[in-house]
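Asker: Quick one: sequence plus predicted model below, questions after.
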Amino acid sequence: MKRFLVVLLVLTLALTGFVLPSAAQDAPTGVFYGTWPYVLPPDHHLNAYASGGPNDNLGALYRSYVELPPAIYQWSTGQYVGFLAESWGFVEDNTAYEIVLNADALWSNGDPVTSEDVIVTYALGRLNGWTQFNYISDVVAVDDHTVHFIFSGEPSLVAERLLLKDYIVARATYGELAQRALDLFATGATRDSAEWTALQTELSEFRPAELIASGPYTYSLDDVGDASMTLHWQPNSIFSDDVNFGEIRMWAGETEVTTPLVISGELGHSTNVYPASTIETFQQQGIRLLDVPRGYGPALLFNHSRAPWNIKEVRQAIAYAINREQSAFLTNGIGAQATVYMSGLLDDNVPLLLPQEVIDQLNRYEYNLETAAGLMEQAGFTRNADGKWADASGALISAEYTFPAEFADFAGAAQDAIQQLNAFGFDITPRALPWAEAAAAIRNSDFDLSVWSWASASPFAATQFFGPTRRFNVGTLAEGQRGIDFPMEFEYNGEMINLDQMILHASDGLDTAEQQRRAGEVALILNDLMPFVPLNVERSIEPLNEQLIAGYPTDDPDWAGNPTNSDHAIIYYLLTGVLTPGPNAQ
């Protein structure tokens, strides 16, 4: 009898351990209707380490519901709120950063989330050259739920943000590839070795059959349709009991596609950019509009390998020749502001990130066509009888300006820049491309002028300086891609500098005064050389249909400052159950 009871107890525990995760609760009802410009299979796949994977097709907003990061940043307080992590911080002697995972966290297949998943995530991140490895030399599992990230130099607040924001992937999916990467590192192989390149290629071509999720939602490629794709609730996440939506339906497309869906009441929330006239229509319909920082704006990009964009005075002339107030209005109406400081940093952050003596030295490139003309003449160009700028041989400054057709803000900024520069005397023609092709053209240096984002929604200068000077440049891009092709090692004010390293380490350490000094050096160089023209800074004016999505606070100072492109408050609100289906949600 006793033996029978022992066997029964073992079976009961085994069965309980097997079924408990899937019995957390019944699937909630209601559908969250959002939007994202995903692509269709086979270009759409489930490999998080390759273009066309979850990062591209879910974006920062929706990927957080599927593969959780350790934490989310709260901009109003400068503090982090845990998702996968239950605690985090610098170790006592500042030689490492520690993350302790929530011991209750599970994957959708029932496996626990452990340190091994973090090791796997970062082994493949190192193989792909993740920015974190500019700050850390190793990732060590202390126990099943504690991980130490060993600093290679100074402790870094930038590294802290990167480590807490990156999504952790499942060892069940990537473990075999990660082990081979770790074995490769142990041999001392370098990134330029044939073995490294071969494994990196194999990783990029890997196509998982399943997306194993730590968040409360997951999906398969069968859920990806022409008009919409669906994320389905799964019961094993630490947030599964909290969320109030059984599905997240993502309409495919950008502004042109989503505008009628907002007006018809079929779209609950959108981060797309809408022109002023459309925003006015939303207001007339009584649709609530969220006013959220975007943390970026459109920049005019130069291909520095092509004349005359390799001439500093020409780039400076363009900065003077574009009325940035007009540019802002035609980019996003009331949702954009002209750039003031031209420092490579978001204007709102300049007083926090730069010393006052540096701010006072910044050239603000206030709109001045006479100054612009003087710089063109200084560079050796003159206006011909038609008022067009020409070189000594009489050849006009002709160029093609590419822009993403679906992005209303970037398209508006580009078309306005073309109109203003042609009125000044250039000969520029527009070329609209699908957004993915426009981005690829920049990476492949297949453009004259183009438009993409500058700065980023980050509280650190090094991260804001990253785009586009490092983001679209040699050394950061894939092998063979040259991007804007702006040289990063050169003589400046009588000494050789490495601007890439200056940007990379601008926010190192924990001394904010030293961070300001380093950032000031970079800002003055960018302000002078003008490798790109930061046209304006955008705010996100986002329609929220409260008949479909209820509960979004009207006044929440704790989360109101979080930018849409990085730590959107809606991520926190959905995961923690603040948001509920509205009265018209199915």
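Answerer: Looks like it came in fine. Residues are numbered from 1 along each chain as shown.
Asker: Look up phi and psi at G286.
Answerer: When read as degrees, to the nearest 10, the backbone of G286 gives phi 80, psi 20.
Asker: Which residue ranges make up each domain of this protein?
Answerer: 67-176, 297-538 (automatic domain parsing).
Asker: mind checking which of these is nearest P260?
Answerer: P260 sits nearest to domain 297-538 of all the domains of the chain, at 14.1 Å, using CB to CB. From N, CA and C alone the C-beta is placed, and that goes for glycine too.
Asker: How far off centre is that closest one?
Answerer: When C-alpha coordinates are averaged (CA atoms, centre = their mean, to the nearest Å), domain 297-538 and its chain have centres 19 Å apart.
Asker: ok so, going back, would you turn the domains of the chain into TSV with mean pLDDT, mean neighbour count and distance to D242?
Answerer: Output for the domains of the chain, formatted as TSV (pLDDT from 0 to 100; neighbours: other CB atoms under 10 Å; distance: least, CB to CB, whole Å):
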stretch	mean pLDDT	mean neighbour count	distance to D242
domain 67-176	96	19	11
domain 297-538	95	19	25
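Asker: do you know which of those lies nearest D558?
Answerer: domain 67-176 (5.4 Å).
Asker: Could you pull out the helices in the stretch 401-550 of the chain for me?
Answerer: Counting by DSSP state H, counting those that start in this stretch, the stretch 401-550 of the chain has helices at residues 408-424, 435-443, 461-466, 499-504, 512-529.
Asker: Which elements pack onto the last one?
Answerer: Using 3 or more CB pairs under 8 Å, 6 or more residues apart in numbering; DSSP states H and E, the elements in contact with helix 512-529 are helix 312-321, helix 350-353, helix 356-361, helix 461-466, helix 499-504.
Asker: so what's L177 up against?
Answerer: L124, L199, E202, L203, F206 (CB atoms under 8 Å, 6 or more residues apart in numbering).
Asker: is it true that the second one lies in a helix?
Answerer: Yes - secondary structure assignment places L199 in a helix (DSSP: H, G, I helix; E, B strand; the rest coil).
Asker: for stretch 63-71, how far is the first residue from the last?
Answerer: 13 Å (CA to CA, to the nearest Å).
Asker: just to revisit the earlier point, wait, which of the helices of the stretch 401-550 of the chain is closest to N47?
Answerer: helix 435-443 (16.7 Å).
Asker: From the rest of the structure, what touches the closest one?
Answerer: Contacts for helix 435-443 (CB under 8 Å, 6+ apart): 37, 39, 254, 301, 402-407, 433, 446-447, 450, 452, 468, 472, 477-478, 481, 483-484.
Asker: Just the ones of those in strands?
Answerer: Mapping the contacts of helix 435-443 onto strands (DSSP state E) picks out L301, T402, F403, P404, L433, S450, W452.
Asker: Make JSON lines from those residues and add distance to F133 to it.
Answerer: Compiled in JSON lines, the ones in strands among the contacts of helix 435-443 are given as follows (distance: CB to CB, whole Å):
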{"residue": "L301", "distance to F133": "27"}
{"residue": "T402", "distance to F133": "32"}
{"residue": "F403", "distance to F133": "33"}
{"residue": "P404", "distance to F133": "30"}
{"residue": "L433", "distance to F133": "33"}
{"residue": "S450", "distance to F133": "29"}
{"residue": "W452", "distance to F133": "25"}
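Asker: nearest to G129, of the residues you listed?
Answerer: Closest to G129, out of all of those and judged by CB to CB, is W452, at 20.4 Å.
Asker: correct me, but the closest one touches G483?
Answerer: No - in this structure W452 lies outside contact range of G483 using CB atoms under 8 Å: 10.1 Å.
Asker: Please list all residues in contact with Y80.
Answerer: Contacts of Y80 (CB under 8 Å, 6+ apart): A71, I72, Y73, Q74, W88, L164.
Asker: let's see 7 Å
Answerer: Residues in contact with Y80 (CB atoms under 7 Å, 6 or more residues apart in numbering) are A71, I72, Y73, W88, L164.
Asker: So what sits opposite it in the bridge?
Answerer: Y80 has these beta-bridge partners by DSSP bridges: Y73.
Asker: gap between it and E479?
Answerer: 35 Å (CB to CB, to the nearest Å).
Asker: And for G509?
Answerer: On the measure of CB to CB, G509 and E479 end up 32 Å apart.
Asker: now swap in P54 and tell me
Answerer: Counting by CB to CB - P54 and E479 are separated by 24 Å.
Asker: what does L177 give?
Answerer: In terms of CB to CB, L177 sits 20 Å off from E479.
Asker: pretty sure I311 is touching A379, no?
Answerer: Yes - shown here, I311 and A379 form a contact pair, counting by CB atoms under 7 Å, at 5.0 Å.
Asker: Just give the number of residues close to Y274.
Answerer: Neighbourhood size, Y274 [other CB atoms under 10 Å]: 25.
Asker: Look up how far L548 lies from it.
Answerer: On the measure of CB to CB, Y274 and L548 end up 18 Å apart.
Asker: about what we covered before: what's the most distant pair in the ones in strands among the contacts of helix 435-443?
Answerer: Across the ones in strands among the contacts of helix 435-443 (CB to CB), the longest gap, 13.7 Å, separates L301 and L433.
Asker: all strands for the stretch 1-150 of the chain, in order.
Answerer: 31-36, 71-74, 79-82, 85-90, 96-101, 136-141, 146-151 (DSSP state E, counting those that start in this stretch).
Asker: tell me the angle the last one makes with strand 85-90.
Answerer: Counting by axes from the mean of the first three to the mean of the last three CA atoms, to 10 degrees, strand 146-151 points 30 degrees away from the direction of strand 85-90.
Asker: what's the answer for the fifth one, then?
Answerer: If you take the same axes, to 10 degrees, strand 96-101 sits at 170 degrees to strand 85-90.
Asker: Put the alpha carbons of strand 96-101 into PDB.
Answerer: Extracted in PDB, the C-alpha atoms of strand 96-101 (Å, rounded to 0.1, in the frame of the first residue of the first chain):
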ATOM      1  CA  ALA A  96      30.500  43.000 -14.200                       C
ATOM      2  CA  TYR A  97      26.800  43.600 -14.600                       C
ATOM      3  CA  GLU A  98      24.400  41.100 -13.000                       C
ATOM      4  CA  ILE A  99      21.000  40.000 -14.100                       C
ATOM      5  CA  VAL A 100      18.900  37.600 -12.100                       C
ATOM      6  CA  LEU A 101      16.000  36.100 -14.000                       C
END
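Asker: who's in contact with it?
Answerer: 70, 84-91, 113-115, 145-151, 159-160, 163.
Asker: what angle separates it from strand 136-141?
Answerer: Using the same axes, to 10 degrees: strand 96-101 against strand 136-141 is 40 degrees.
Asker: Start and end of stretch 301-318, how far apart?
Answerer: Termini of stretch 301-318 sit 11 Å apart (CA to CA).
Asker: Same question for stretch 467-485.
Answerer: For stretch 467-485, the first-to-last residue distance is 13 Å (CA to CA).
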